[in-house]
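A.B. asks: what's the 3D shape of this:
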Amino acid sequence: MSRIGKKPITIPAGVEVKLQDGVMEVKKGQIVVTEKIHPDMQVQIENNVITVSRPSDSKLHRSLHGLTRSLINNMVVGVNESFKKVLEVNGIGYRAALEGTELVLTVGLSHPVRIPQPEGITFEVPKQSQIIVSGANKQVVGETAAKIRAVRPPEPYKGKGIKYDYETIRLKEGKTGAAK
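C.D. replies: Residues are numbered from 1 along each chain as shown. Okay, here's the model as predicted:
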């Protein structure tokens, strides 16, 4: 039995959960997250508790059991709290700014890079060297943060670029002096 899959998910106060035609919808206020659930997985919602069960012990059903439970749990946590990723911009002259809903990155390229804000995602720039990406959908938050980081990934000689706040860059030594 899947250790993750058999854990029940408690629904916090103020969160509405609906399952219709294989699509799970989790809603709190204006925030709505939807996800298509695999037709083989059985999801029961009763007494503010969601349980996921599988029809058999086949390899496919075992793998889908924990995945389905994790996806539903991420939806519930996302609408209740919201996920966030923090990125740091390192380098002389490198900076981030918000213009309306667009994130504008000046990172040593010939032009500033403009990244539009996806639906359900919010950008915050508390400092010129820090970007906070937040939203209810964990997958979209991660993808958006990865796209921002891909504009100028950190390089290993000076450590310049865009990196996650928890990431450490191991710097290389560089050239050693003139050969005799």
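
A.B. asks: residues in contact with E124?
C.D. replies: Contacts for E124 (CB atoms under 8 Å, 6 or more residues apart in numbering) come out as 98, 131-132, 134. In this view, the C-beta of every residue, glycine as well, is placed from N, C-alpha and C.

A.B. asks: Filter these down to the buried ones, ChimeraX style.
C.D. replies: Selection of buried members from the contacts of E124 for ChimeraX, criterion 16 or more other CB atoms under 10 Å:
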select :131,134
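
A.B. asks: if you look at the contacts of E124, which of them are in helices?
C.D. replies: The subset of the contacts of E124 located in helices under the criterion DSSP state H is empty.

A.B. asks: will you turn the contacts of E124 into JSON lines that also has distance to G22?
C.D. replies: Below are the contacts of E124 laid out as JSON lines (distance: CB to CB, whole Å):
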{"residue": "L98", "distance to G22": "38"}
{"residue": "I131", "distance to G22": "36"}
{"residue": "I132", "distance to G22": "34"}
{"residue": "S134", "distance to G22": "29"}
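
A.B. asks: Sort out for me which of the contacts of E124 are in strands.
C.D. replies: 98, 131-132, 134 (DSSP state E).
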